[in-house]
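Q: heads up, no residue letters with this:
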């Protein structure tokens, strides 16, 4: 099974790349996880709607090539879950096939793309920098899988 973190943005600080890499490499071999980046749309002379539409098309193109069974969008208006709730959902989703977790760019994601997603998920009620959201998602994926595998990383 494959987990893909699809993120609008590039050139993350070393601490983000290293932290994400550390958590993703800890996942069991049967879970292939990776981060794919989509270059943000240049802001010059475009409205927010135009930026989001252009990024949305590139996101859809990448999602088509990935052929994942489920698209999960990270969004401030998404469902707030406990760690146990996220682990339980992840277990069900993994039975369906590959999963793409989508993190939008600085301007977010277009509403139509959010509507196409199988789930909107909120990492926090706080506003997070995009690099921090990536790192937090990677850690929570590792935590959820370790919980499902009865690994002692997560303590309740």
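A: Nice, I can see it. The structure presented is a predicted model; accordingly, all values stated were derived computationally and were not measured. Numbering: from 1, shown residues only.
Q: going forward, measure contacts between C-alpha atoms and count neighbours the same way
A: OK.
Q: residues in contact with the one residue sitting closest to the centre of the chain?
A: Relative to the mean C-alpha position of the chain, the nearest C-alpha, by C-alpha atoms, centre = their mean, is the one of residue 101, at 3.0 Å. Contact partners of residue 101, counting by C-alpha atoms under 8 Å, 6 or more residues apart in numbering, are 3, 4, 5, 6, 71, 72, 73, 74.
Q: would you say the fifth one is within a strand?
A: Yes. Read with DSSP: H, G, I helix; E, B strand; the rest coil, residue 71 is one of the residues of a strand.
Q: looking at it, it is touching residue 97, isn't it?
A: No. When contacts are counted by C-alpha atoms under 8 Å, residue 71 is not listed as touching residue 97 (10.9 Å).
Q: tell me which of those two has more neighbours.
A: Under the criterion of other C-alpha atoms under 10 Å, the comparison of residue 71 against residue 97 puts residue 71 first, with 22 against 14.
Q: in the sheet, who's paired with that one?
A: Residues found in beta-bridge contact with residue 71 (criterion: DSSP bridges) are residue 100.
Q: with adjacent residues omitted, what lies nearest to residue 148?
A: Spatial nearest neighbour of residue 148, chain neighbours left out: residue 87 (6.6 Å); criterion: C-alpha to C-alpha, 6 or more residues apart in numbering.
Q: would you agree the one you found is in contact with residue 144?
A: Yes. Taking contact to mean C-alpha under 8 Å, the distance of 4.4 Å between residue 87 and residue 144 places them in contact.
Q: state the pair within the contacts of residue 101 that is farthest apart.
A: 3 and 74 (14.3 Å; C-alpha to C-alpha).
Q: so how many other residues sit close to residue 67?
A: As a measure of burial, residue 67 has 13 neighbours, counting by other C-alpha under 10 Å.
Q: state the distance from it to residue 141.
A: With distances taken as C-alpha to C-alpha, to the nearest Å, residue 67 is found 20 Å from residue 141.
Q: try residue 133
A: Relative to residue 141, residue 133 is positioned 12 Å away (criterion: C-alpha to C-alpha).
Q: and what of residue 129?
A: Here residue 129 is placed at a distance of 18 Å from residue 141 (C-alpha to C-alpha).
Q: and if you look at residue 48?
A: Using C-alpha to C-alpha, one obtains 31 Å as the distance from residue 48 to residue 141.
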